[in-house]
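*Asks:* Output the structure for:
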Amino acid sequence: DYVPEFQCCNLYGNAGGDWTGPIADHLGVDGNISLPPEFCGALNDSLPYALQADSPCAAANSGDCGTIGKYDVECGTTALESSSWGIIKTLFR
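*Replies:* Here you go, the predicted model:
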């Protein structure tokens with residue numbers, strides 16, 4: 001059986017699983033990862049699949065791999081803020 005070689009790949013969120021079956025041993029080898037890619041989405045309507053600055057697929061965060069995927073960083077990061085459930089409920093009144 002032929003098993004393809006993988007280098008600097010991010011397999012994440014696939015319905016049948018990530019890095020399973022005959023390719024399972026490639027996870028963690030040669031820069032292969034399984035992490036949320038942190039796409040720009042609505043932060044960049046013209047390039048929604050470009051990477052956020054904190055993406056593990058961005059050249060600055062991927063070790064010796066450079067950019068993993070087609071698009072480079074085209075937006076900043078999405079800020080997160082802690083909030084209580086009570087505060088969240090008041091936003092929808």
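*Asks:* which stretches of the protein form strands?
*Replies:* 51-52, 73-75 (DSSP state E).
*Asks:* among the ones you listed, which is nearest residue 27?
*Replies:* strand 51-52 (20.3 Å; CB to CB). All C-beta atoms are positioned from the backbone trio N, CA, C, and that covers glycine.
*Asks:* Would you pull up how far that closest one lies from the middle of the chain?
*Replies:* Here the centre of strand 51-52 is set off from its chain's centre by 8 Å, with CA atoms, centre = their mean, to the nearest Å.
*Asks:* can you list contacts of it?
*Replies:* 37-40, 43, 57-58, 67, 69, 71-78 (CB atoms under 8 Å, 6 or more residues apart in numbering).
*Asks:* Of those residues, keep whichever come out buried.
*Replies:* Those of those that meet the buried threshold are 37-40, 57-58, 67, 69, 71, 73-75, by 16 or more other CB atoms under 10 Å.
*Asks:* what's the closest non-adjacent residue to the residue nearest in space to the middle of the chain?
*Replies:* Nearest residue to the geometric centre of the chain (CA atoms, centre = their mean): residue 37, 0.7 Å. The shortest distance from residue 37 to any non-neighbouring residue, by CB to CB, 6 or more residues apart in numbering, is to residue 57 (5.1 Å).
*Asks:* Does the one you found touch residue 71 like I think?
*Replies:* No. Residue 57 sits out of contact with residue 71 when judged by CB atoms under 8 Å, with a separation of 9.0 Å.
*Asks:* tell me what the lowest-mean-pLDDT helix or strand in the chain is packed against?
*Replies:* Within the chain, no helix or strand scores below helix 85-90, which has a mean of 76 by mean pLDDT, DSSP states H and E. Helix 85-90 is packed against no helix or strand, with contacts defined by 3 or more CB pairs under 8 Å, 6 or more residues apart in numbering; DSSP states H and E.
*Asks:* Mind pulling up the pLDDT for the residue of the chain most remote from its centre?
*Replies:* Each residue of the chain has a distance to the centre, and by CA atoms, centre = their mean the biggest one is for residue 93: 34.4 Å. Here, the pLDDT recorded for residue 93 equals 71.
*Asks:* Contact partners for residue 47?
*Replies:* 40, 71, 74.
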